[in-house]
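**Q** next come a sequence and a model predicted from it.
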Amino acid sequence: MRRWIEGLIVREQVEEESFDTSLNQFDSLYICADEEIEIFDFMGTAAPAFGMVGTIVGLVQMLANMGDPKSIGPAMAVALLTTLYGVIFSNMVLLPIASKRKQLKESNLILLEMISESVNRIARREAPYTILQELHNFLPHKRDEFDDQYG
């Protein structure tokens with residue numbers, strides 16, 4: 001991005017191929033982000049199932065020691081806690097990470113589109129106010145709410 005802006009300001013030119021090459025590099029970053037999101041989604045979906053595996057292990061321990069009443073309680077605790085841990089880990093750690101990563105990817109994509117659009121418009125020597133108005137369309141309406149409330 002820095003090279004594009006310097007090219008516009010100092011040399012008053014940006015090579016179209018360099019711009020496109022940089023945009024293609026960003027595409028590979030978004031592919032990696034999609035893979036990360038898929039991994040966390042899968043882990044979030046699978047965590048309760050692993051908790052159920054722990055429940056089965058606890059129940060097997062409990063049934064294996066039915067003759068000893070003192071061992072039933074700890075085995076039952078293992079059975080219940082593993083399910084609880086699987087659900088908590090899924091819903092409070094893994095799925096929120098996947099959701100946040102998805103939001104971050106989308107906001108970065110919007111930012112990249114804004115930068116690309118602004119560099120193209122600067123290269124075409126459009127008026128700054130026109131560029132500002134066009135870039136305003138990319139921003140969410142929360143900016144308008146903020147301006148109304150504080151500005």
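**A** Cool, got the structure. Residues are numbered from 1 along each chain as shown.
**Q** in this protein, which residue is closest to the centre?
**A** By CA atoms, centre = their mean, the mean C-alpha position of the chain lies nearest to residue 101, the distance being 1.1 Å.
**Q** secondary structure element holding that one?
**A** Assessed by DSSP states H and E, residue 101 sits inside helix 95-123.
**Q** give the buried residues for that helix.
**A** Across helix 95-123, burial judged by 16 or more other CB atoms under 10 Å covers 95, 97-98, 101-102, 105, 112, 114-116, 118-119, 121-123. For every residue, glycine as well, the C-beta is placed using N, CA and C.
**Q** state the pLDDT value of the residue nearest to the centre of the chain.
**A** We note a pLDDT of 92 for residue 101 in this prediction.
**Q** ok, it touching residue 37?
**A** Yes. Between residue 101 and residue 37 there is a contact under CB atoms under 8 Å: 5.2 Å.
**Q** can you list the residues that contact the helix or strand harbouring residue 133?
**A** Secondary structure assignment for residue 133, by DSSP H and E: helix 128-136. With contact meaning CB atoms under 8 Å, 6 or more residues apart in numbering, helix 128-136 is reached by 114, 117, 118, 121, 122, 143.
**Q** what's the most distant pair in the residues you listed?
**A** Pairwise distances across those (CB to CB) peak at 21.5 Å, for the pair 122 and 143.
**Q** what is the nearest of the contacts of helix 128-136 to residue 69?
**A** Closest approach between those and residue 69, by CB to CB: residue 143, at 65.2 Å.
**Q** residue contacts, residue 81?
**A** By CB under 8 Å, 6+ apart, the contact set of residue 81 is 54, 58.
**Q** I'd like the distance between it and residue 42.
**A** From residue 81 across to residue 42, the span is 23 Å (CB to CB, to the nearest Å).
**Q** now stretch 125-143: buried residues?
**A** For stretch 125-143, by 16+ other CB under 10 Å, it's residue 131.
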